[in-house]
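A.B. asks: Below are the sequence and a predicted model; questions follow.
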Amino acid sequence: MTASPVRGPAAAAPPPDRSTWRRQPLPSVEALVDGVLAGDRRMMGQAITLVESRNAAHQARAQEMLVGLMPHAGQAHRVGITGVPGVGKSTFIETLGINLTAAGHKVAVLAVDPTSSRTGGSILADKTRMDRLSVDPNAFIRPSPSAGTLGGVTRTTRETMVVCEAAGFDVVLVETVGVGQSETMVADMVDFFLVLMLAGAGDEFQGIKKGVLELADMIAINKADGDNVRRAKMAAAEYRAALHILKPSTPTWSPPVTVCSAITNTGLDRLWDHVLDHRAKLSGTGELAEVRRQQQIRWMWAMLDDRLISAFRADPRVRTLLPDMEREVLAGTTTPTLAVQRLLSAFGIGEALPA
């Protein structure tokens, strides 16, 4: 593996505690931009916390900061990683990350946790599952709760990627929660989408949908070690056959199927070579640049959806009417469609309906 050139050393200080950060004066936008560009981890943590805040004033400052950072971002390898439950994503990401930092890369891992519906906090504690990588001076791990976002992908993942890339991290690994529509959402923000699978668990296609196969730029059968090597190779052959009946997303690239073991660290170098080969081929045809442009458009629409929903829920007229609508829907005295129409009318969208 060859390292991409990176800029600026990264200090070893951990991100600040959020509760402490909220009580301290906010750094200026200029200080945040300069700190992130210098690879200061404390400033990175503060910048990402600012991006994640739902406070309107913080969001305005975050956007101003991102304008200053975006010209310095966009050159990293963006790799999305998903997989069925029990596939060993955390071990895989840690081993791959350690391999990459040993080769001279700087690796950022954005591990998106499902959010607890009761506490609102992350429930997987990804950083504690990557104890070796978390202390690597050339790695940065940011577990982020999804905050109820559809598909389990935090609304600010794209902005966090910008911060990491501007800080000099040339590989960004985005782990999905592996449920719902998170795969589609992550595939829309990365250059390469890797699907991890298991062998020896019965039906090899159990737990994976055709739609995920269509998104995959590569399938890797993990845990190909010990007595499982033969089963992993058999599973790989089955997936290759399955991929042959699907139309590739681009004529430039046919998704490979490989086997690997994160525990024994075998097959991961070859896997990364496929990632580099994919980037080289799509860069050569200009497709990668077009993918990045389309990602910006999807980012805009995703943020528009998020802001509209936030504005709708915060509107005082909607908040006043919403409890009545919920009660009527529960009681069966109105339909969900009519309730939505009345709520939209209160928000100023659509025609007014009789009470």
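C.D. replies: Perfect, I can see it now.
A.B. asks: which ones are touching the closest residue to L322 other than its chain neighbours?
C.D. replies: Leaving aside its chain neighbours, L322 sits nearest to L343 (6.6 Å; criterion: Cβ to Cβ, 6 or more residues apart in numbering). C-beta coordinates here come from the backbone N, C-alpha and C atoms, glycine included. Counting by Cβ atoms under 8 Å, 6 or more residues apart in numbering, L343 touches F312, V318, L321, L322, M325.
A.B. asks: try 7 Å this time
C.D. replies: Contact analysis of L343 by Cβ atoms under 7 Å, 6 or more residues apart in numbering lists V318, L321, L322, M325.
A.B. asks: Mind pulling up the pLDDT for it?
C.D. replies: Note for L343: predicted pLDDT of 95.
A.B. asks: Buried residues, the strand or helix carrying it. List them.
C.D. replies: Following DSSP states H and E, the helix or strand that holds L343 is helix 336-347. Going by neighbour count (16 or more other Cβ atoms under 10 Å), the buried part of helix 336-347 is A339, Q341, R342, L343, S345, A346, F347.
A.B. asks: A62: neighbour count?
C.D. replies: Using other Cβ atoms under 10 Å, A62 has 23 neighbouring residues.
A.B. asks: Next: R42.
C.D. replies: Neighbour count for R42, taken as other Cβ under 10 Å: 15.
A.B. asks: roughly how far apart are it and C164?
C.D. replies: From R42 across to C164, the span is 14 Å (Cβ to Cβ, to the nearest Å).
A.B. asks: Could you chop the protein up by domain?
C.D. replies: According to automatic domain parsing, the chain is divided into the following domains: 73-284, 297-347.
A.B. asks: Return the member of those having the minimum mean pLDDT.
C.D. replies: Among the domains of the chain, domain 73-284 scores lowest, at a mean of 83.
A.B. asks: Next, the distance between the ends of that one.
C.D. replies: This stretch, domain 73-284, spans 20 Å end to end (Cα to Cα, to the nearest Å).
A.B. asks: Next, count neighbours for E175.
C.D. replies: 26.
A.B. asks: Please report the distance of R279 from I93.
C.D. replies: Here the criterion is Cβ to Cβ. By it, R279 lies 19 Å from I93.
A.B. asks: higher neighbour count, these two?
C.D. replies: Using other Cβ under 10 Å as the criterion, R279 and I93 rank with I93 on top: 25 against 16.
A.B. asks: Point me to the helix or strand that includes that one.
C.D. replies: helix 89-102.
A.B. asks: name the helices or strands packed onto the following helix or strand past that helix?
C.D. replies: Per DSSP H and E, the first helix or strand lying C-terminal to helix 89-102 is strand 107-113. Under the contact criterion of 3 or more Cβ pairs under 7 Å, 6 or more residues apart in numbering; DSSP states H and E, strand 107-113 touches helix 89-102, strand 139-145, helix 157-166, strand 171-175.
A.B. asks: Deepest in the core, which of those is it.
C.D. replies: Mean neighbours per residue, mean count of other Cβ atoms under 10 Å, is largest over the helices and strands packed on strand 107-113 for strand 171-175, with a mean of 26.
A.B. asks: count of neighbours near the residue nearest to A31 when sequence neighbours are not counted?
C.D. replies: With sequence-adjacent residues excluded and distances taken as Cβ to Cβ, 6+ apart, A31 is closest to M43, at 7.4 Å. Per other Cβ under 10 Å, the neighbour tally for M43 reads 24.
A.B. asks: so M43 sits right up against V36, yeah?
C.D. replies: Yes - using Cβ atoms under 7 Å, M43 is in contact with V36, at 5.4 Å.
A.B. asks: And the residue nearest to A31, its phi and psi?
C.D. replies: In terms of degrees, to the nearest 10, the main-chain angles of M43 are phi -70, psi -40.
A.B. asks: List the contacts of it.
C.D. replies: L32, G35, V36.
A.B. asks: Tell me the one of the residues you listed nearest A216?
C.D. replies: The nearest member of those to A216, counting by Cβ to Cβ, is V36 at 32.3 Å.
A.B. asks: who touches the closest one in this structure?
C.D. replies: Shown in contact with V36 (Cβ under 7 Å, 6+ apart): M43, M44, A47, L69, V163, A166, A167.
A.B. asks: Recalculate using a threshold of 6 Å.
C.D. replies: By Cβ atoms under 6 Å, 6 or more residues apart in numbering, the residues touching V36 are M43, M44, A47, V163, A166, A167.
A.B. asks: Kindly report the same for K223.
C.D. replies: K223 neighbours (Cβ under 6 Å, 6+ apart): G88.
A.B. asks: Where do the helices of the chain begin and end?
C.D. replies: 18-23, 29-37, 41-52, 56-69, 89-102, 131-134, 157-166, 182-187, 210-215, 229-244, 268-285, 287-314, 316-331, 336-347 (DSSP state H).
A.B. asks: which residue is nearest the centroid of this protein?
C.D. replies: V174 (4.2 Å; Cα atoms, centre = their mean).
A.B. asks: How much space separates that one from I48?
C.D. replies: For V174, the distance to I48 equals 14 Å [Cβ to Cβ].
A.B. asks: Name the nearest residue to L243, sequence neighbours excluded.
C.D. replies: Leaving aside its sequence neighbours, L243 sits nearest to P255 (Cβ to Cβ, 6+ apart; 5.7 Å).
A.B. asks: The one you found - how many residues pack around it?
C.D. replies: Count around P255 with other Cβ under 10 Å applied: 22.
A.B. asks: ok, so what distance separates it from P85?
C.D. replies: Distance of P255 to P85, computed by Cβ to Cβ: 22 Å.
A.B. asks: Same question for L69.
C.D. replies: 35 Å.
A.B. asks: With that, I have no additional questions.
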